[in-house]
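**Student:** Kindly generate the corresponding structure for this input.
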Amino acid sequence: MKPDRKFQSAPVKKIVDEILQNTLKKAKYDPEKVPVLSAKIGNEILAAVKKLEYERYKIVVDVTIGEFKGQGIRVASRSLWDTTTDTYTSASFRNAHLFAVAIVFGCYFE
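**Tutor:** Residues are numbered from 1 along each chain as shown. Below you'll find the predicted structure:
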């Protein structure tokens, strides 16, 4: 079985970029609030991607937020999946106080 419509990275990336921008453009880093903020953003991204109705896809969202002090950062992940049906997209955001990276995985479930 293959999906009728494959998970498309471009529209998902647009959604993630908009959510990160709208939620974090004026945000300041607060280590007490970051766990709640990460969960809120992750849930918002998940709800928006589910509206695209990719049938039989499991959607996994990972949001990382950290304090920005001029450093570089790399976020990496590894997965075992079917390269013909599964894919991901990622987006990042940075302001003077914090950085955020969101990764959305679309894994086809037979």
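
**Student:** make it CA atoms for all contacts and neighbour counts henceforth
**Tutor:** OK.

**Student:** Which residue ranges of the protein form strands?
**Tutor:** With DSSP state E as the criterion, the chain has strands at 57-67, 87-94, 98-108.

**Student:** Nearest to D17, out of those?
**Tutor:** Smallest distance to D17 across those (Cα to Cα): 6.0 Å, for strand 87-94.

**Student:** What are the contacting residues of the closest one?
**Tutor:** Here strand 87-94 makes contact (Cα atoms under 8 Å, 6 or more residues apart in numbering) with 7, 9-10, 12-13, 16-17, 20-21, 24, 68, 99-107.

**Student:** returning to what we had before: to M1, which of the strands of the chain lies closest?
**Tutor:** Among these, the nearest to M1 by Cα to Cα is strand 98-108 (9.9 Å).

**Student:** With only the CA atoms kept, save the closest one in CSV.
**Tutor:** Taking C-alpha atoms only, strand 98-108 is exported to CSV below (Å, rounded to 0.1, in the frame of the first residue of the first chain):
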residue,chain,number,x,y,z
LEU,A,98,16.3,33.0,21.7
PHE,A,99,16.4,30.5,18.9
ALA,A,100,14.0,27.8,18.0
VAL,A,101,14.1,24.8,15.7
ALA,A,102,11.0,22.8,14.7
ILE,A,103,11.1,19.5,12.9
VAL,A,104,8.0,17.8,11.6
PHE,A,105,8.2,14.2,10.5
GLY,A,106,5.5,12.6,8.3
CYS,A,107,5.7,8.8,8.6
TYR,A,108,3.3,6.7,6.5
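
**Student:** Summarise which helices and strands that strand is packed against.
**Tutor:** Contacts defined by 3 or more Cα pairs under 8 Å, 6 or more residues apart in numbering; DSSP states H and E place strand 98-108 against helix 9-24, strand 57-67, strand 87-94.

**Student:** In TSV: those, plus distance to L80 and mean pLDDT.
**Tutor:** Below are those laid out as TSV (distance: least, Cα to Cα, whole Å; pLDDT from 0 to 100):
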stretch	distance to L80	mean pLDDT
helix 9-24	18	98
strand 57-67	14	96
strand 87-94	11	95
